[in-house]
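Colleague: let's see this in three dimensions:
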Amino acid sequence: MGSEQFDTNEAEHHRHPGGGYRGPLEREAELVSAQIAVDGLYGRGGTGPAGVPRGGRLSFTGPAGAGKSTVLDEVRRIAADRQCTVLAARGGEREQAIAFHLVRQLLLPLLATFSERELHDVLGDWYAIVGPCVGLCPAEEGATPDQQGVRDGLDLVVTRLAARRGPLVLLVDDAHWADHESLQWLTAFATRIETLPVLLATAYRTDELPADAAALNAPDRDAGRPLELAPLTPTAVAGLLRETLGAHADDAFCHEAWLATGGNPFRTVELAAKAADRGLSPTRENALRLRELADSDTGIGLVERLDELGSSSVRLAWAVAVLGSEATLPLAASMAALTPLEAAQGRERLRRARILKAEEPVEFVHPLVATAVYREVPAAVRVALHGKAAWELVESGQGATAAARHLQETHPDGDHWVVEHLRAAAREYLRTGAPDAARRALERALREPPIGQARADVLYELGSPALMHDPVASARHLRSALEEPEATVGLRQNATMRLARALTYSDRLPEAVTVMEEEAARATDSRARLRLLAEHFMMAAFTAEDGGAPARSRRLARITERLTGRDRTERYLFGLRAWDAMVRGEPMAVALEHAERSLALGDMRWTDEDWGFEVPTLVALTFLHCDRPDRADELFARGVGEFERQGWRGVPLALGYTFLGHVRYRSGRLTDAEDFVRAGLRLADRVGPATPVHCSATASLLQILLARGRTAAAAELAAEHGFAEPFPSGVFPDAQAVRGELLLARGMAKEAATDLAEVGRRFDARGMRNPGWCPWLPHLALATEATDPQRARDLVAEAVRRAERFGAPSVLGQTLRVASRLSEPARRVETLQRAVHCLERSPAASERASALVELGALLRRAGRTREAAECLYRGVDEAAQCGAEAVVSQAREELDAAALRPRRLDPPG
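Modeller: This next block holds a predicted model:
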């Protein structure tokens, strides 16, 4: 396997007097750890099973100059000797604002050598998502991938590279200076690296490592805790000085050198080299000069060294310090106003003074020197150099993102050019999945400040859906955009919709509804008003407390009566009308008609950032609750496919998997349902606890576990995930109703009744009377049976009336099944037979199995054994297919009580 080049400071390697290589001084323990870690990639040594390759983490920490880079270079050498593929990158103090800067260093050199076919094999469908952040291709126009999607894509790329070119060794130097986006990915990837033939070796300064990168500091299975590099001992410093200056170096001279450098390897090597350059004899008398010589690495000493080299060298060093990793000699020369000859001569002087490296690229000998030079550039000159660097990078075709980090270091000056290039950089950052970098660019553009329409545009862009990680700040920017007198009609409309969504994400749904209503009333264009009304109705669909819902439903019905479906706005309104009719319990045919009309032209997309995925979700749920799980499954599968292709791996994909599971739950495919919802919950865990998506996934999984008869597991899940009030808004299924169902299953009827009565109050106030959408009414009837049987019968009778009005066989069957349990004994068989008849015309297989087993039990007790056997055999077969273990157990007990076989004897063949 090949090895990518890893830059190192060769001065920190040491040789025997005879010229033989012996590696860094006093780092034997660290190198042994490196050898063990690399051997582990081949299944040798370590704590894992012999012969089983395993990955791991290896971290080296210490202050600047402690020799971390040198040790990492030794890891590279060990890995290359064992035929590993080595990928390397280094964080930069000046480059922390460049999104995915470290990722590109790490992956692009290898990927750039691949053929188109190899790239397709490695990246596959992820090419458009990962390609831009790695630097393989420009970002495409359209919806932006989310951060989690990009991180998942990078995980996949490294995993496939390890399979094709592994074992893989990733070397990351100065990780404390890694850009935020790269460090987020690296930290998350480090937690799962043990399952891959990948070794991640990092070096960083512990006190400068960001708090959110704590995983890099966590102990590794084989390597243990990060290895802190200790200072060199006086003996090691003396040995190094005697190798450089001669064996006659005086003990006092060597000891003073150790005191002057603190045993820091870089400073010790530099001190020895400077003493040799100046012909300083290593005697006791010259020991006092070492302090001054050691201080010339940084601070005033370095400034004096630079000044001695002349003005052109100083200006060149300043330019290189500002440019950082972007430095080339022509670019630095242009910034320093030097001719090519002057730049070459200045570079040579800086090389001889041990300030710049001799080889390409143009960079300082050590980050310590780079930092010292940058800090010594006069503030006004530094700002001007950053501005010049931005202009030079744009003119050379390197784009707005290359210029953005320099523009953020300049002073605001009302420059339209600066504003437009920062906006362009923000757009590119968003398309590469780096919203934090985009936000920084736009916030700097706002401080420039932009004027007139440009100010409204920047404020609007700061409210982008991709920047909703801080919905409060997004709402503030969008309100400011709406206050701008020069904001266009189109911008006002779009800003209002974004503002409503920002308020929704802040759990301020009623305020979002009000914002949409007020702006719709203010709009003068009829089509714009209709578009705003569509968004208003959509927001209202998720409002938990809303006494105006019945009137709004009537208004929505009147509006849609006049529409023809000529554009997307009208078709989305049809979708909202379908959902509203379904939850209100209007006849199922009304809901289905509008749902079909909403899909008439097939242009309902799930990843349209202007429209969102909420209305497609509501349409799919309408089909599901109208006994059309096939249509719901088709729509949710299409949505999940779009989310995955676009890299939306956060909230949208978590909801997509959860709803796919819910479709299967309603269809009685409980095993499949649990698999999908658990996948959704894993994704929701990454979004965060107590979020609507996390609560929705938890509630769905609780329902499935209860349907399977796993009450104890459901209770454990609720406790594990903090499933308790206050529940967030916009959760489906309703969290409080699911908690009531769980309490009822655990025999806590009084507590369940309290929850379910509150749910009923909320739903009835909003006119949501479909017992299939939320079965609080039949569950409340069961919860009150023991204390008030007549009220229980009244409640379930009302549920049956509502189910009959809606007309979905599954809803009526489920409600009649509960009614049979509360009926007079003489009517139970008849009521349950009616429930079975309804459920046989529905896709609700699990409910049908439960009803059949319950009917079989009633018939057995009535002495109607032949009829009981038929019901019980059908019920146990269907329950087994559904994965409803509790129903299977109940059926077996009834069959045993009837002295029947546990299963039907199928005829031969």
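Colleague: ok, the residue with the largest distance to the centre of the chain to E256 distance?
Modeller: No residue in the chain sits farther from the centre than E285, which is 62.3 Å out by CA atoms, centre = their mean. As judged by CB to CB, to the nearest Å, E285 and E256 stand 11 Å apart. Just so you know, the C-beta spots here come from the backbone N, C-alpha and C atoms, and that holds for glycine as well.
Colleague: now the closest residue to D125 other than its chain neighbours. Its backbone dihedrals?
Modeller: Distances taken as CB to CB, 6 or more residues apart in numbering place R645 nearest to D125, at 6.4 Å, with adjacent residues excluded. When read as degrees, to the nearest 10, the backbone of R645 gives phi -70, psi -30.
Colleague: ok, T202 next?
Modeller: Reported as degrees, to the nearest 10, the phi and psi values for T202 are phi -120, psi 160.
Colleague: can you check L168 too?
Modeller: phi -120, psi 130.
Colleague: my guess is it contacts I193. True?
Modeller: No - using CB atoms under 8 Å, L168 makes no contact with I193, being 9.9 Å away.
Colleague: overlap in contacts of these two?
Modeller: Both L168 and I193 are in contact with L199, where contact means CB atoms under 8 Å, 6 or more residues apart in numbering.
Colleague: tally of neighbours for F100?
Modeller: 28 (other CB atoms under 10 Å).
Colleague: Provide a list of residues in contact with it.
Modeller: Contact analysis of F100 by CB under 8 Å, 6+ apart lists C133, V134, G135, D179, E181, S182, T432, A434.
Colleague: distance check, it against W185.
Modeller: From F100 across to W185, the span is 8 Å (CB to CB).
Colleague: and F364, by the same measure?
Modeller: Separation of F364 from W185 (CB to CB) stands at 27 Å.
Colleague: ok, now W391?
Modeller: Remark: distance between W391 and W185 (CB to CB) = 31 Å.
Colleague: so between those two, which is more surrounded?
Modeller: Between W391 and W185, counting by other CB under 10 Å, W185 is the more crowded of the two (26 against 18).
Colleague: give me the nearest residue to the more buried one, chain neighbours excluded.
Modeller: Computed as CB to CB, 6+ apart, the closest residue to W185 that is not its neighbour in sequence is R151, at 4.6 Å.
Colleague: can you get me a residue count around the one you found?
Modeller: Neighbour tally, R151, other CB under 10 Å: 24.
Colleague: phi first, then psi, for it.
Modeller: According to degrees, to the nearest 10, R151 has phi -60, psi -40.
Colleague: mind checking how far Q493 is from S526?
Modeller: Q493 is 13 Å from S526, by CB to CB.
Colleague: who has more neighbours, those two?
Modeller: When neighbours are counted by other CB under 10 Å, Q493 and S526 differ, and Q493 comes out ahead with 21 against 8.
Colleague: that older thread, any quick ChimeraX command for the buried ones out of the contacts of F100?
Modeller: Here is the ChimeraX selection string for the buried members of the contacts of F100, based on 16 or more other CB atoms under 10 Å:
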select :133,134,135,179,181,182,432,434
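Colleague: export the contacts of F100 to CSV and tack on secondary structure and distance to D567?
Modeller: Supplementary listing: the contacts of F100 in CSV, determined by DSSP: H, G, I helix; E, B strand; the rest coil; distance: CB to CB, whole Å:
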residue, secondary structure, distance to D567
C133, helix, 36
V134, helix, 39
G135, coil, 40
D179, coil, 43
E181, helix, 38
S182, helix, 43
T432, coil, 32
A434, coil, 34
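Colleague: okay, the contacts of F100 in TSV with pLDDT and distance to G56 next?
Modeller: Listed next are the contacts of F100 as TSV, based on pLDDT from 0 to 100; distance: CB to CB, whole Å:
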residue	pLDDT	distance to G56
C133	92	26
V134	92	24
G135	90	28
D179	95	24
E181	95	24
S182	95	20
T432	92	30
A434	92	29
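Colleague: from the contacts of F100, which single one is nearest A275?
Modeller: Nearest to A275 among the contacts of F100 is D179, at 38.3 Å by CB to CB.
Colleague: roughly how far apart are the closest residue to T144 other than its chain neighbours and P132?
Modeller: The spatially closest residue to T144, leaving aside those adjacent along the chain, is L430, at 4.6 Å (CB to CB, 6+ apart). Going from L430 to P132 by CB to CB gives 10 Å.
Colleague: out of the two, which sits in the busier spot?
Modeller: Taking neighbours as other CB under 10 Å, L430 and P132 compare with L430 leading, 25 against 22.
Colleague: how about the more buried one, secondary structure?
Modeller: Here L430 is recorded as helix under DSSP: H, G, I helix; E, B strand; the rest coil.
Colleague: over to the one 3 residues further on?
Modeller: Using three-state DSSP, the three-state assignment for G433 comes out as coil.
Colleague: ok, now which ones touch the closest residue in space to T159 that isn't next to it in sequence?
Modeller: What sits nearest to T159 in space, not counting adjacent residues and going by CB to CB, 6+ apart, is L196, at 6.0 Å. Residues in contact with L196 (CB under 8 Å, 6+ apart) are G55, V158, T159, A162, G166, L168.
Colleague: next: A213.
Modeller: Residues in contact with A213 (CB under 8 Å, 6+ apart) are A175, A178, L183, L186, T187.
Colleague: who wins for neighbours among those residues?
Modeller: Busiest of the contacts of A213 [other CB under 10 Å] is A178, holding 31 neighbours.
Colleague: now do that residue against T202, distance only.
Modeller: Between A178 and T202 the computed distance is 9 Å (CB to CB).
Colleague: find the residues that touch each one of the two.
Modeller: With CB under 8 Å, 6+ apart, A178 and T202 have common neighbours V172, L186.
Colleague: okay if I get the contacts of L196 as TSV plus secondary structure and distance to H662?
Modeller: Listed next are the contacts of L196 as TSV, based on three-state DSSP; distance: CB to CB, whole Å:
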residue	secondary structure	distance to H662
G55	coil	37
V158	helix	34
T159	helix	30
A162	helix	36
G166	coil	40
L168	strand	40
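Colleague: nearest to E95 among those residues?
Modeller: V158 (21.2 Å).
Colleague: is it true that that closest one touches P197?
Modeller: No - the pair V158 / P197 is not scored as a contact, 10.7 Å apart, by CB under 8 Å.
Colleague: higher neighbour count, those two?
Modeller: V158 (23 against 20).
Colleague: can you list the residue ranges for helices in the stretch 301-450 of the chain?
Modeller: For the stretch 301-450 of the chain, applying DSSP state H, counting those that start in this stretch gives helices covering 311-323, 329-335, 340-352, 367-376, 379-395, 400-407, 416-431, 435-447.
Colleague: after the last one, which helix or strand is next?
Modeller: Right, helix 435-447. Downstream of helix 435-447, the next assigned helix or strand under DSSP states H and E is helix 453-462.
Colleague: distance of E596 relative to D627?
Modeller: From E596 to D627 the distance is 14 Å (CB to CB).
Colleague: of those two, who's got more company?
Modeller: Ranked by neighbour count (other CB under 10 Å), E596 and D627 place D627 first, with 23 against 15.
Colleague: how about that one, nearest residue that isn't a chain neighbour?
Modeller: Leaving aside its chain neighbours, D627 sits nearest to A808 (4.9 Å; criterion: CB to CB, 6+ apart).
Colleague: per-residue confidence for the one you found?
Modeller: On the pLDDT scale, A808 is placed at 97.
Colleague: same question for H13.
Modeller: For H13, the predicted pLDDT is 52.
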